[in-house]
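Q: Quick one, structure for this:
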Amino acid sequence: MATNSIKLLTGNSHPQLAKLVADRLGIELAKTMSLNYSNQETSVTIGESVRDEDVFILQSTAPGDINDGLMELLIMINACKTASARRITAVIPNFPYARQDKKDKSRAPISAKLIANMLQTAGCNHVITMDLHASQIQGFFNVPVDNLYAEPSTLRWIRENLEVKDCVVVSPDAGGAKRATSIADRLDLGFALIHKERARPNEVSRMVLVGDVENKIAILVDDMADTCGTLVKAAETVMAHKAREVVAIVTHGILSGNAIETLNKSKLSRVVVTNTVPLLDKQERCEVLKVMDISPTLAEAIRRTHNGESVSFLFTHAPTD
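A: Take a look at the predicted model:
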């Protein structure tokens, strides 16, 4: 699948994913050097010409330094713009600040909109991302945004690893109901929902299950697992209603704080995440953690964008090997 005239650049946030995408496209990663000066300023040098090239910059959110990664991305976009790149596409598998997408209390910032403004000001002409926390974030941009879905890869994983007819798809909260019902419909399965009652923010006091999971393999579906509190509590609720097994499938495995310890003590038999976010040593520390590679989807989106083909095919199909 060799491709001419695509320049794929990456920062320091997720070089492994960038390498997988480059290998899939049959190209080399463009030479770049990014470092922090002693005063923590970011310096970026692009080591080859990008004049009149179709440039793709892959940068995700690395645990612990989201802001550094974002600043590095903005500087790389601007460096390519001032070096006369024909088109600059930011490939951001996990969009930063996506949960700050609305003004839910007075004086709250809509930070996702700020990120959109910053990317465009830096010189970004197009954005490719995956499983946005809220799809209306696409409306914050005045440039095209392709929001890819991990759903086709998720469906393939379920069909290959689980006895589909024994499963039921469960949404751990009302917000993810649409995502879970879509998967349930595509697999022709039942659907259940967990209603959370919160005593105070970030603390779930009670969970109520709506639906039947008795003697079934419950598949918990969500877009991100951060501290994993909701996921683990949902698993306990489902098991209390006599489910046979609980498997969680999540797009962005952020797994911050004590998430790994929380998962190790949980009733989840498997937690499947994609590699949109670097997992570092988390797989070794957590036996139930499994990784689903989404680099073929990103590579195919880059190839189709470059060749002017439709990207919507990827919304329903996972690329084959």
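Q: Sheet partners, orientation included, of the lengthiest strand in the chain?
A: The strand spanning the most residues in the chain, taking DSSP state E as the definition, is strand 190-200. Here strand 190-200 is paired, per DSSP bridges, with strand 167-171 (parallel), strand 203-210 (antiparallel).
Q: Using CSV, write out every CA atom in the shortest one.
A: The one in question is strand 167-171. The C-alpha trace of strand 167-171 is given here as CSV (Å, rounded to 0.1, in the frame of the first residue of the first chain):
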residue,chain,number,x,y,z
CYS,A,167,-24.2,-11.7,25.2
VAL,A,168,-26.1,-8.6,26.3
VAL,A,169,-24.8,-5.0,25.7
VAL,A,170,-24.8,-2.8,28.7
SER,A,171,-24.3,1.0,28.9
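Q: what helices or strands is the helix or strand just after it leaning on?
A: Per DSSP states H and E, the first helix or strand lying C-terminal to strand 167-171 is helix 177-187. Helices and strands touching helix 177-187, by 3 or more CB pairs under 8 Å, 6 or more residues apart in numbering; DSSP states H and E, are helix 151-161, strand 167-171, strand 190-200, strand 217-225. Where C-beta positions appear, they are placed from N, C-alpha and C, glycine not excepted.
Q: Describe which strands the last one pairs with in its sheet and in which direction.
A: The one in question is strand 217-225. Here strand 217-225 is paired, per DSSP bridges, with strand 167-171 (parallel), strand 245-253 (parallel).
Q: ok so, going back, so which of the helices and strands packed on helix 177-187 is nearest Pro93?
A: strand 217-225 (11.7 Å; CB to CB).
Q: next structured bit after the closest one?
A: helix 229-240.
Q: rewinding a little: including distance to Ala180 and mean neighbour count, could the helices and strands packed on helix 177-187 go into a markdown table?
A: Shown next, in a markdown table, are the helices and strands packed on helix 177-187 (distance: least, CB to CB, whole Å; neighbours: other CB atoms under 10 Å):
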| stretch | distance to Ala180 | mean neighbour count |
| --- | --- | --- |
| helix 151-161 | 10 | 17 |
| strand 167-171 | 4 | 25 |
| strand 190-200 | 6 | 15 |
| strand 217-225 | 5 | 24 |
